[in-house]
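Asks: Just a sequence and a predicted model for now, questions to come.
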Amino acid sequence: MTPRQILRDLFDAAIASAQPAVAVPPHLPDPAQIKGRLVVVGAGKASAAMARAVEGHWTGPADKLCGLVVTRYGYSVTCQRIEIIEAAHPVPDAAGLKAAERIKAFVQGLCEDDLVLCLISGGGSALLPAPAAGLTLADKQDINAQLLKSGASIGEMNCVRRHLSTIKGGRLAALCHPARVLTLVISDVPGDQLSDIASGPTVADASTCADALAILERYRIQIPDAARQLLESGQGETLKPADPRLVRCETRLISSPQIGLEAAAKVARAAGLGVCILGDSLEGEAREVGRVMAGIAQQVATHGQPLGAPCVLLSGGETTVTVRGQGRGGRNVEFLLALGVALKGAPGIWALAGDTDGVDGIEEIAGALLTPDALERARALGMRATSHLDNNDGHGFFSALGDAVITGPTLTNINDFRAVLITQP
């Protein structure tokens, strides 16, 4: 089996482990235990596929099941009782705003006998734009776009989003009260912090308006006066752990980056490779992570530490990119470009990095594959890897080499996947 095929098999195994058809059914409620209705709501790149899994395993009366979820454009699937809406990601649009308002209305007037099944996955923050009082969708779009280019971590971005929303930070759960709420979560954030996954619409949040303000100031994000007043006054505060409206809320993490890494590790061992999982929550500037990973790979190749070749180094998490260039990029191809520049064509070191949702940045490209001869092939085409890195043009670089990884919509999202394969000492 070629290094290319091995790496792609590892990536595919991670994605397969997080498919809603596998992850959702074991956690579904018993219809016999629901006195009222099962009301399904949700948001995220996996929410439509999660809804389909709910419908496929529902054995109760058809009229007791209803629902409404929002997913990314191109990620819809066919459901009978649960309506699927598509909207934009990563920058929200009017369709997402309408979906958020409809979901808020959908859970109004529920009773104690009803059960709300909330299906949450990565991407839900952008897909549920419900601006706080005094803010507009255009305000949220501008703040979101600035944060995406700033280098802020996903936790920092979602802290701001929670405090400028009428649905995030536990507010959706409050709207469902007094119904019981069961939230099933597919994590796409480092550390699986529940309040960060889709900005935690049904969970308590320990962060504050002051925290959000500090983040905006740290990254010099320009915000309208209404947003500043909301945060400075504390009126944008989220629901805290002691809030009585959260007493009947339960949250279950049903898939995560670690589960994906373990699935890939199993495939790697079956192929005769040593495996080292470096972590499921690596963060930082993508190019810096790439340089560090190059050092680790060279230590393996030169000294057989922390394990000997042939082996694979696996990691997950979500890096960031401070955008300074005008190229076509994403954090995974930025990581690979920096890795390739640092390795300088070292023999026997290959890598694949991709977003498990199938979209790295804003293009329908999951990521790319780095070969030992990538820099040499690029030079033959008149390209310099360092120039592409300076211009944040990872997609332009790897697409020209024919090494882009394209999966199409994967209908799930457990964040970034990175595999560095060392084939020889």
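Replies: Arrived safely, thanks for sending. Numbers count the residues shown, from 1 in each chain.

Asks: domain ranges for this protein?
Replies: Listed by automatic domain parsing, the domain ranges of the chain are 21-255, 258-422.

Asks: And the first one, how far out from the chain middle?
Replies: Between the mean C-alpha point of domain 21-255 and the mean C-alpha point of its chain there is a distance of 13 Å (Cα atoms, centre = their mean, to the nearest Å).

Asks: for the shortest one, same thing?
Replies: Between the centre of domain 258-422 and the centre of its host chain there is 17 Å, according to Cα atoms, centre = their mean.

Asks: can you give me the strands in the chain?
Replies: According to DSSP state E, the chain carries its strands in the segments 38-43, 65-72, 82-87, 115-121, 180-186, 249-255, 274-282, 311-317, 349-355, 367-370, 404-405, 416-422.

Asks: coming back round to it: indicate which one of the domains of the chain is closest to Phe11.
Replies: domain 258-422 (5.7 Å; Cβ to Cβ). To be clear about C-beta, it is placed using only N, CA and C from the backbone, and glycine gets the same treatment.

Asks: Quick one: mean pLDDT over the closest one.
Replies: The pLDDT scores in domain 258-422 average 96.

Asks: Please measure how far the first residue of that domain sits from its last one.
Replies: 21 Å (Cα to Cα, to the nearest Å).

Asks: re the thing from before, make TSV from the strands of the chain and add distance to Ala385 and mean neighbour count to it.
Replies: Output for the strands of the chain, formatted as TSV (distance: least, Cβ to Cβ, whole Å; neighbours: other Cβ atoms under 10 Å):
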stretch	distance to Ala385	mean neighbour count
strand 38-43	38	28
strand 65-72	31	25
strand 82-87	36	21
strand 115-121	34	29
strand 180-186	34	26
strand 249-255	35	18
strand 274-282	22	18
strand 311-317	21	24
strand 349-355	13	28
strand 367-370	10	29
strand 404-405	15	22
strand 416-422	17	27
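
Asks: Export these as CSV, with columns for distance to Ala214.
Replies: Shown next, in CSV, are these (distance: least, Cβ to Cβ, whole Å):
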stretch, distance to Ala214
strand 38-43, 27
strand 65-72, 30
strand 82-87, 29
strand 115-121, 26
strand 180-186, 27
strand 249-255, 27
strand 274-282, 22
strand 311-317, 23
strand 349-355, 28
strand 367-370, 32
strand 404-405, 37
strand 416-422, 26
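
Asks: quick one: which of the ones you listed is nearest Asp192?
Replies: Closest approach to Asp192 among the strands of the chain (Cβ to Cβ): strand 249-255, 5.9 Å.

Asks: Which phi and psi values does Ile223 adopt?
Replies: Main-chain dihedrals, Ile223, degrees, to the nearest 10: phi -130, psi 150.

Asks: Surely it and Leu147 touch.
Replies: No. Between Ile223 and Leu147 there is no contact, the gap being 10.5 Å when judged by Cβ atoms under 8 Å.

Asks: returning to what we had before: reformat the domains of the chain into JSON lines and put distance to Arg4 next to each item.
Replies: Listed next are the domains of the chain as JSON lines, based on distance: least, Cβ to Cβ, whole Å:
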{"stretch": "domain 21-255", "distance to Arg4": "26"}
{"stretch": "domain 258-422", "distance to Arg4": "6"}
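
Asks: Now Arg269: closest residue in space, sequence neighbours ignored.
Replies: Of all residues not flanking Arg269 in the chain, Val275 sits nearest, at 5.8 Å (Cβ to Cβ, 6 or more residues apart in numbering).

Asks: what about the one you found, distance to Val91?
Replies: 37 Å (Cβ to Cβ, to the nearest Å).

Asks: Now do the same contact list for Cys311.
Replies: Contacts of Cys311 were listed using Cβ atoms under 8 Å, 6 or more residues apart in numbering, and they are Leu273, Gly274, Val275, Cys276, Val300, Leu421, Ile422.

Asks: what number of residues lie near the fifth one?
Replies: The one in question is Val300. Neighbour count of Val300, defined by other Cβ atoms under 10 Å: 25.

Asks: when you give positions from now on, start the count at 3
Replies: Renumbered: residue one is now 3, and that last one reads Val302.

Asks: Next, give phi and psi for the residue nearest to Ser123 when sequence neighbours are not counted.
Replies: Once flanking residues are discounted, Ser123 sits nearest to Gly46: 3.0 Å by Cβ to Cβ, 6+ apart. The phi/psi pair for Gly46 (degrees, to the nearest 10) reads phi 140, psi 170.

Asks: I figured Gly46 hits Leu130, correct?
Replies: No. Taking contacts as Cβ under 8 Å, Gly46 lies outside contact range of Leu130: 9.0 Å.

Asks: Spell out which residues are contacts of both of the two.
Replies: Both Gly46 and Leu130 are in contact with Ala200, where contact means Cβ under 8 Å, 6+ apart.

Asks: Kindly reformat the contacts of Cys313 as TSV containing distance to Ile351.
Replies: TSV is the format used below for those (distance: Cβ to Cβ, whole Å):
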residue	distance to Ile351
Leu275	14
Gly276	14
Val277	16
Cys278	14
Val302	9
Leu423	7
Ile424	6
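
Asks: of those, closest to Ala55?
Replies: Checking the contacts of Cys313 against Ala55 with Cβ to Cβ, the nearest one is Val277 at 29.6 Å.

Asks: residue contacts, the closest one?
Replies: Contacts for Val277 (Cβ under 8 Å, 6+ apart) come out as Ala267, Ala270, Arg271, Cys313, Val314, Leu316.

Asks: picking up where we left off before, who wins for proximity to Gln7 among the domains of the chain?
Replies: Ranking those by distance to Gln7, with Cβ to Cβ as the measure, places domain 260-424 first at 9.5 Å.
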